[in-house]
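Asker: what follows is a protein structure lacking sequence information:
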Ligand code: SF4
């Protein structure tokens, strides 16, 4: 697994002093380059690019000007879970072939946002206005990996403690790392969830470059559960190849062997999918890749997916096996249409709001104390 020790450049704002900047400045990164303004930052980036420094070899610290917190936009015409997303960083230490971040061709560096105090102001606003009878799922890791260098930023720990006061919020950190040790001793964990994106050893080796191996992720999940966290797993993307059924089944059996199912709050499943323009980027970047050679077909949201009967076979297989073991967890599909939900789970959702409410009800009844009074 790649770590921050393999990063060689840190570009930081010379006039901004806050905890995140200070923590990175005391890290072991060899080359620390200060900038005074946007213009200077651009010329530093130019210089690094001219010298063929890899984008993922550079951390750029800068304030974020957009919204930190928002509802996941989902995919048009699909049943989505209306997950709430917190953006704390853009880009990633790891290098998954299928990562959607590859479409941002012009972005350079791993951009770590420094002004997280504004994030907490946004979260206070959300909490003031949210429904007290609804359970919300909120998480980081949409445009990055939540834990790749979280021991330096300290953001995971701050957010866990912040959300621990609100018992109608399940806060999730999503990762392909095994980097949990810095979170184990936090005293107030509330409903915090540490989640692992899982795949077969074959897919991890071929497509999830620089991430933790399967057994390392599961070992980290065991440590997190032992320390008092909930766990979640994301089989996303499920990538098909000859022998996929046996390999995915072995991953599920490994989970059965190692993980306490009563602590698993949700499991998602999503088949590999892409926009057509992404396929060209993928083939240019990873000429040896084999994921885009499978025959795929455009769906109603314009994304290409495996042929429908094959997706049904794939989801049915995974759903049945997972459901046998993880009876308490909410098992859901990611970015699939209502007919697929009906086919796989027998549930008839007409809108994303219905699914969100169903997940909320499930978490309320399965994972919160009876008669809980929300803060
Ligand atoms: S871990 Fe996630 S964000 Fe990082 S490269 Fe892989 S898919 Fe992209």
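Answerer: Great, that's in hand. Predicted model, so just to flag it, every value in this text is computed and none were measured.
Asker: you'd agree residue 271 is up against residue 237?
Answerer: Yes - using CB atoms under 8 Å, residue 271 is in contact with residue 237, at 6.4 Å. Using the backbone N, CA and C atoms, a C-beta is placed for each residue, glycine as well.
Asker: so those two - more neighbours on which side?
Answerer: Regarding residue 271 and residue 237, a neighbour count based on other CB atoms under 10 Å identifies residue 271 as having more, with 23 against 20.
Asker: just list whatever residues bridge to that one.
Answerer: residue 238 (DSSP bridges).
Asker: where's it relative to the ligand, distance?
Answerer: Distance of residue 271 to the ligand, computed by CB to the nearest ligand atom, to the nearest Å: 15 Å.
Asker: ok, that residue - contacts?
Answerer: 237, 238, 240, 305, 306, 311, 314, 315, 336 (CB atoms under 8 Å, 6 or more residues apart in numbering).
Asker: tell me which residues in stretch 170-187 are buried?
Answerer: Neighbour counts over stretch 170-187 (16 or more other CB atoms under 10 Å) mark 170-180, 183, 186 as buried.
Asker: from the stretch 151-300 of the chain, which residue is nearest to the ligand?
Answerer: Closest residue of the stretch 151-300 of the chain to the ligand, CB to the nearest ligand atom: residue 176 (4.6 Å).
Asker: pretty sure that residue contacts residue 213?
Answerer: No - with contact defined as CB under 8 Å, residue 176 does not count as touching residue 213 (9.9 Å).
Asker: any idea what the closest residue to residue 48 other than its chain neighbours is bridged to?
Answerer: In this structure, residue 48 finds its nearest non-sequential neighbour in residue 58, 6.1 Å apart by CB to CB, 6 or more residues apart in numbering. Per DSSP bridges, the residues bridged to residue 58 are residue 9.
Asker: just checking, residue 58 touches residue 111?
Answerer: No - between residue 58 and residue 111 there is no contact under CB under 8 Å: 9.4 Å.
Asker: and the two? Which one has more around it.
Answerer: The neighbour comparison of residue 58 against residue 111 (other CB under 10 Å) goes to residue 58, with 24 against 19.
Asker: which elements pack onto the stretch of helix or strand residue 363 belongs to?
Answerer: Per DSSP states H and E, residue 363 falls inside helix 352-367. Secondary-structure packing of helix 352-367 (3 or more CB pairs under 8 Å, 6 or more residues apart in numbering; DSSP states H and E): strand 136-139, strand 264-271, strand 330-333.
Asker: check which residues of it are buried.
Answerer: 352, 355, 356, 359, 360, 362, 363, 364, 367.
Asker: same check, this time on stretch 293-307
Answerer: Result for stretch 293-307 [16+ other CB under 10 Å]: buried residues 296, 299, 303, 304, 305, 306.
Asker: measure residue 147 to the ligand for me?
Answerer: Residue 147 is 10 Å from the ligand, by CB to the nearest ligand atom.
Asker: can you report how many residues lie near that residue?
Answerer: When neighbours are counted by other CB under 10 Å, residue 147 registers 27.
Asker: make sure it is actually in contact with residue 173.
Answerer: Yes - counting by CB under 8 Å, residue 173 is a contact partner of residue 147 at 5.9 Å.
Asker: overlap in contacts, these two.
Answerer: By CB under 8 Å, 6+ apart, the residues touching both residue 147 and residue 173 are 156, 183, 194.
Asker: now, which of these lie within strands?
Answerer: Mapping the shared contacts of residue 147 and residue 173 onto strands (DSSP state E) picks out residue 194.
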